[in-house]
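1. below are the sequence and a predicted model; questions follow.
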Amino acid sequence: MPTRRQDDRIELVYGALDMLILRTLRWGPTHGHGIAKSIERMSEDALKVDHGSLYPALQRLLQEGWIKGEWGLSENKQRARYYSLTPAGKRKLVAETSRWQRFVRAITGVLAPAESEEGE
Amino acid sequence: MSWRRELSKIRALFGGNQPAGDLDEEIRAHLKMEEQENLEAGMTREEARYAAKRKFGNVTIAQERSREMWRLSWADRVFQDLRFGFRQLRRSPGFTVVAVLTLALGIGATTATFSVVNAVLLHPLPYKDPARLVQLLETEVSPGAFPLSGADYLDWQEQNRTLEASSLFSWGQNMSASGAAEPEPAAVVDVQANFFDALGVQPFEGRAFARGEDYAGRNHVAVLSYGFWQRYFGGAAGTLGKTVVLNNEPYTVVGIMPRWFNWSGTTDIWKPFDMSPKELGARGNHSWNAVARVKAGVTVEQARADLLAISQRLEKQFPKSNNKVHAVVLPLNDTMTHNSRTPLIILFCAVTMVLLVACVNVANLQLARASTRHREMAVRSSLGAGRLRLVQQMITESILLAFAGAALGMLAAWWCVRLLESVKSLPIPRVNPIQVDGAVLLFAVAVALLSGILFGLAPALQNSESSLNEEIKAGAQSVLSAASGRRALRDALVVAEICITLALLVGAGLLLRSFVYLRNQDIGINPHNLLTASISLPEAKYSTLAARRQFFDQLLDRARHTPGVDAAALSSEIPLRGGSNGTINVDGVTDPAVTSQLVGWNYITPDYFRTFGIQLLEGRNITPDDLDRAAVAGQKDYDLYKAARAQNTEVKIPPDVSWVAVISQAAARTFWRNQSAVGKSFRMGDEKVTVIGVVGDVKEYGVREQPMPLAYFPNTQVLPYDGYARLTVKSQTPPMSILGPIRSHVRDLDRGLALFRPLTMEEVIADDTQDVGVQAILLGSFATLALVLAAVGLYGVMSYLVTQRTREIGIRMALGAQQANVLSLIMRQGTRLTLIGIVLGVAAAFALAHSMSGILYGVNSNDPLTFASVAVLLSVVALTAYYIPARRATKVDPLLALRYE
C-alpha cells in the first residue's frame, strides 16, 4: 500500500467522476485539460482529482456513447482532442443528476437523526 | 459488463476510431497546457513542468488504464485458451487423432442422418403455403383409403365450400415417348389443367396448362420434367413448341418444370386429362387421385366435414355405387411422408446413440489423460487459476477437438449425402432434395458444441477438483488412493457404453430378423428365373381387338420359342405390384363382411399359372377356347358400354353375355366356405361370371399383406378396352439373359415400340422388401459402429487401469499371487461393469424395440433369441476387450513393477 499524503480533499465516489465530466461538457466541447480545470473550479478545489484519472473515465464514456471526441486546435495552437456531449449523454446526465440528488437526500436523512440520537 | 461498451470495443478493433492510439499525444498536450498555465502563473520552466506532472499523477498508469479500457478481456481469454489447447493437443498426437476420428464418425453419421430428416420431416413441402394442401381420397370401409371416383370428384368440386382449388391427377403410366430420339419409356401423369396452380409452382420455362386445356381437342399439350428435358431433348434451348410423341399421339411441349420439382417419385411428363364426365368413368370406378388447397382460414378438419357431408349425400343418391363410399381428406405433408416418419425417427435416435458412445469414448480418453495432467492442473491452480478458469480451459480444448471432429465428419456426411442423392431407388420421399444446407451445417455446429461440452465437462470438473495439497500428499501417486470420484465416473461411462451398444444391437437384430422373415415369405409363386416387362400398344396404330390380339399372339409365340425359355404368359398384373380390384356379388350371400370384400382382377393367358408356378387346386385352367369366347363377349360388352356412353344411358347387359374365371383359394374360401367353388357363379357389376377353377393364393399387394381374394379372367376380355399387357417368361438361364432376345422380338414386330421396366421377379420381391432391408443395413451399421467404438473404449479403459495398477500387481505377485489370481482380479472388475451394463441395456433395448414394433415383421419386439444372442455377443466382445490388457498385467515382472514410477 502506498502511504497516503496528508490531504483533506474528498476522494471521489465511484461513478461520480463520470457525472462531473458530463456536467462539465454541458457548457460546450472542451479537451481533457479543460475538463480537469473546470472540475477544479467548480468544486473550488475541494475534490481530489488526479488529472491522469480523467483519461480512463473518458474512454469509458466514449464507449458508452455518451460523449464523442474530435481533434481540434486549442487557443494556443495546441493540437488536442475536444470532447462533447452526445444526445444520449445529455439524457444520461439528467437521469444521473436526479439520481444523485435522491442519493444525497437519502444519506443526509439517515445521518441527521443519527447525530441527534448520539446527542440523547 | 455493458454490451454497448463491448460493442464499441469490437467496432474499434475493426478500424473504427481508435482513441487509444492517440492517447499519448493527447496526454502530452494536456501536460503542455498545464505547464503553460503554470508558466503564466510565474513559475520557472522546470517548476512548471514538475507541477504539471504532479497534478497529473503517474502518466504511465493513466495511459495503461485508459488503454485497458479498450481491451476485450473475454476474447483475450478465449484466444489464450485456444492457443494453449492447440499446444496441448499437438503434444499428444495419438490421443488427438483417436479422439478426432471417433468424433468424426459420430458427428458425420449424425449429420448425414439429420440431412435426410431435415429434407423429409422438417422441411415444409416446397409448394406455396403447403399447410393448406390436402390429398383427397375415398374409403369404402375404414380404415384404408381408395382412389377417387371421377364422377364423385366432379360433384365434390362443384359443391364444396371449403376448397380454394382442387386438381385431379392420375397415377404414373408408362408410355413410349418418341419424336426427338429413339423411342424411350416415359412416366406420364395426367392432370387437371389447374394442377400446377393448385400446388403453387411455376414452370422453369414456358407455361403451365391453361384453363380449358383439359378437354378433348385441346389437351395435346405437355409439360416436361427437368430430368426428362435433359435426358430426351438434351436440355436444348428450343424445346418449347417442339412435339413429343406419346404412344403414337403428338403433344406440344408448352413448359418445363424446375429441376427441384418432384412429384410422386419420378414423373417425366404431365399432360392434361379430358375432364368430360364420360372420360373420367362411371361413378363406381375408382381410378384417380386429387390434391386440393383449402381456403385461407379454413382448417383441414372443416374441409373434411364439408366433403364428408357431400359424399354422404351422394351415398343416398347413388346407393348402388356409393354404398359406404366416404370422402377422405389428409394433409398432403402426411401422405407424402407418413411411411418414412417412424423409421427415420428411429434411425435418428439410433445415430444419436452412436454419437453418445463416441462422446463417452472421448470422455474416457480424457479421463485417462487427466491423470497425467493432474499435476499440471495442480500447479496452475496454485499459481492462481480459479477452478472456473481451469474448467473453461479444458472445455475449450474439448470443443476444439469436437470441431476438428465435426469438420472431418462434415466431409463424410457430405459424401454420404451425395451417395444418397445418386441412389434414386432408395425408399425415401424425395419432394425436397437431400442436401447439406444451412440447417444441416448449423446442426453440425450445434452437435459439435454440445458434444464438446458433453464429453469435456465431466472430466474437466473431475480434473479441476484436485488441489495442490492433495497432490503433494499423494506424492508418488499411490495406487491405493486413486481418486474414487474419477473411478466412479469412469465406471459409469463404461456401463453407459455397454448399455447403449446393447440397445442398438437389439434394434438392428430385430430389423434383420424382420428382413429375413420377409424375404422368406411364401408369396405363392416360384420367383426363380422369371423376367417380366410391360408393353403398351399405341391406340392409333392398334385400335381394334383383332389388331391387339394378333400382336400379342405373335409376341407370345416368339417369346415361348426363344431358346432357354420354358414358359411365357401375358397378364394385366403381376404378384406384389398391386392392381385393379373391386367388390363382387354372389347370389344368396348377404353377409356384409363378405359382400364388401375386395377382389383383385387379373387378365391372363392360359400359361400364366405354369409360368409363375401357381398350383391348380380344383377344376380346370383357362383354355384357348375360353380366350376366343372371352374375345367375343368382351367386344360385345365394350360396344354396349360405348353406345350407352354416347347416348348417356345406363348399360343393359343381355343375359347371354357370360364370363368364366379361375379364382384363388382365398376367394373360394370367402364366398363358398365349406363347399366347392367350381361351377358356382358371381356377379361383377352386371356381368355373370362362372368359376371354372381354383388356384393357390398369391400375394398380389405385397409381401407383408395377407393374400387377397383374386379372380383371373381370359386376357382377351380387356383387349377391346386397351392394348396393355405384362409379358413374363420363365427361363432356364439367369432371366436377364433373355431380355435381349425379347427386346428384338418386340422390335421385329414393331420398330416404334418400347419394352417398359424389365424386371426379374427377384427384383420385384427385393423392391417390395427394400425399405426393411435398407433400415436393417443402416441400423446394423450404426450398431456395428457403436460396437467397435465401445470395444475400443473398453479396451482403452482397461489398459489404462492395468497400467495404473502395475505396482499393486507387482506387489501381489512378489507376495506370491499366481497369474490366475491376478487375471481374475482384473477381470472381476470388468465383468461386474459388463453385467450392470447389460442389465441396463436390456431395459433400454425393450424401450427401443417397443417403439419399433410398427416396422417389424414376423418377429416379436421382445424376441428372446435376439436379446439373448446380442447379450452374449456383447459380453464376449467386452470380456475380450478386458482380457487382452488383463493378460498383459500377468506378464508383469514384479521387480520392474516395484521400480515403476
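-> Cool, the structure landed.
2. contacts for stretch B:315-330 next, please.
-> By Cβ atoms under 8 Å, 6 or more residues apart in numbering or on different chains, the surrounding residues in contact with stretch B:315-330 are B:134-142, B:145, B:149, B:152, B:156, B:282-284, B:292, B:300, B:303-304, B:307-308, B:310-312, B:314, B:596. Where you see a C-beta, it was placed from the backbone N, CA and C, and this is true even at glycine.
3. for it, buried residues please.
-> Along stretch B:315-330, these residues count as buried under the neighbour rule (16 or more other Cβ atoms under 10 Å in any protein chain shown): B:315, B:318, B:321-322, B:325-330.
4. cool, and stretch B:810-822?
-> Using 16+ other Cβ under 10 Å as the burial criterion, the residues of stretch B:810-822 that qualify are B:810, B:812-813, B:817, B:822.
5. span of that stretch from start to end?
-> 10 Å (Cα to Cα, to the nearest Å).
6. for stretch B:587-601, same thing?
-> The first and final residues of stretch B:587-601 sit 20 Å from each other (Cα to Cα).
7. now do the buried residues in that stretch.
-> Residues of stretch B:587-601 classed as buried under the neighbour-count rule (16+ other Cβ under 10 Å) are B:594, B:597, B:599-601.
8. cool, stretch B:770-788 as well?
-> B:771-776, B:778-780, B:782-783, B:785-787.
9. would you turn these into CSV with pLDDT, secondary structure and distance to chain A?
-> Putting the buried residues of stretch B:770-788 into CSV (pLDDT from 0 to 100; DSSP: H, G, I helix; E, B strand; the rest coil; distance: Cβ to the nearest Cβ, whole Å) gives the following:
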residue, pLDDT, secondary structure, distance to chain A
B:771, 79, helix, 61
B:772, 81, helix, 64
B:773, 80, helix, 64
B:774, 81, helix, 59
B:775, 82, helix, 58
B:776, 83, helix, 61
B:778, 83, helix, 54
B:779, 84, helix, 56
B:780, 86, helix, 59
B:782, 87, helix, 52
B:783, 87, helix, 56
B:785, 87, helix, 51
B:786, 87, helix, 52
B:787, 89, helix, 56
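10. before we move on, back to that, are any of the contacts of stretch B:315-330 buried, and which?
-> For these, a neighbour count by 16+ other Cβ under 10 Å gives the buried set as B:134-138, B:140, B:145, B:149, B:152, B:156, B:282-284, B:292, B:300, B:303-304, B:307, B:310-311, B:314.
11. near chain A, list only the ones from the residues you listed.
-> With respect to chain A, and counting by Cβ under 8 Å from any Cβ of the partner chain, no part of the buried ones among the contacts of stretch B:315-330 is in contact.
12. just checking, which of those belong to helices?
-> Cross-referencing those against helices under DSSP state H gives B:152, B:156, B:300, B:303-304, B:307, B:310-311, B:314.
13. of the buried residues of stretch B:810-822, which belong to strands?
-> Judged by DSSP state E, the buried residues of stretch B:810-822 include no members of strands.
14. from residue B:419, how far off is the spatially most central residue of chain A?
-> When chain A is reduced to its mean C-alpha position, the nearest residue by Cα atoms, centre = their mean turns out to be residue A:20, at 2.2 Å. As defined by Cβ to Cβ, to the nearest Å, residue A:20 lies at a distance of 70 Å from residue B:419.
15. re the thing from before, the buried residues of stretch B:315-330 into JSON lines, with extra columns for distance to residue B:220?
-> Converted to JSON lines, those look like this (distance: Cβ to Cβ, whole Å):
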{"residue": "B:315", "distance to residue B:220": "37"}
{"residue": "B:318", "distance to residue B:220": "33"}
{"residue": "B:321", "distance to residue B:220": "31"}
{"residue": "B:322", "distance to residue B:220": "33"}
{"residue": "B:325", "distance to residue B:220": "33"}
{"residue": "B:326", "distance to residue B:220": "36"}
{"residue": "B:327", "distance to residue B:220": "32"}
{"residue": "B:328", "distance to residue B:220": "33"}
{"residue": "B:329", "distance to residue B:220": "33"}
{"residue": "B:330", "distance to residue B:220": "33"}
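16. least confident of those residues?
-> Here the lowest pLDDT out of the buried residues of stretch B:315-330 sits on residue B:321, with 76.
17. which SSE is that one in?
-> Residue B:321 is part of helix B:319-322 when elements are defined by DSSP states H and E.
18. number of residues surrounding residue B:351?
-> One way to gauge burial is a neighbour count; for residue B:351, by other Cβ atoms under 10 Å in any protein chain shown, it gives 26.
19. give me the pLDDT value at it.
-> Predicted confidence (pLDDT) for residue B:351: 89.
20. got it, and residue B:310?
-> As predicted, residue B:310 sits at a pLDDT of 92.
21. so it sits against residue B:161, correct?
-> No. Proximity of residue B:310 to residue B:161 does not meet the contact threshold set by Cβ atoms under 8 Å, at 9.5 Å.
22. hmm, back to that, which among the buried residues of stretch B:810-822 gets closest to residue B:251?
-> Nearest to residue B:251 among these is residue B:822, at 83.7 Å by Cβ to Cβ.
23. anything in the helix of greatest length in chain A near chain B?
-> Ranked by residue count under DSSP H, the longest helix found in chain A is helix A:87-119. No. Applying Cβ under 8 Å from any Cβ, one finds helix A:87-119 separated from chain B by no less than 9.3 Å.
24. next one: the helix of greatest length in chain B to chain centre, how far?
-> When secondary structure is assigned using DSSP H, the longest helix within chain B turns out to be helix B:332-382. The offset between the C-alpha centroid of helix B:332-382 and the centroid of the whole chain comes to 22 Å, using Cα atoms, centre = their mean, to the nearest Å.
25. interface residues of chain A facing chain B?
-> With the criterion set to Cβ under 8 Å from any Cβ, chain A comes near chain B through A:31-33, A:36, A:50-53, A:55-56, A:58-60, A:62-65, A:69, A:71, A:74, A:76, A:78-81.
26. please repeat the previous calculation with a cut-off of 10 Å.
-> Where chain A comes near chain B, counting by Cβ under 10 Å from any Cβ of the partner chain, the residues are A:31-37, A:40, A:49-66, A:68-71, A:74-76, A:78-81, A:88.
27. in strands, which of those residues fall?
-> If you go by DSSP E, those have A:31, A:68-71, A:79-81 in strands.
28. as TSV, the ones in helices among the buried ones among the contacts of stretch B:315-330 with distance to residue B:586 would be great.
-> Below are those laid out as TSV (distance: Cβ to Cβ, whole Å):
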residue	distance to residue B:586
B:152	26
B:156	32
B:300	39
B:303	38
B:304	34
B:307	32
B:310	31
B:311	27
B:314	26
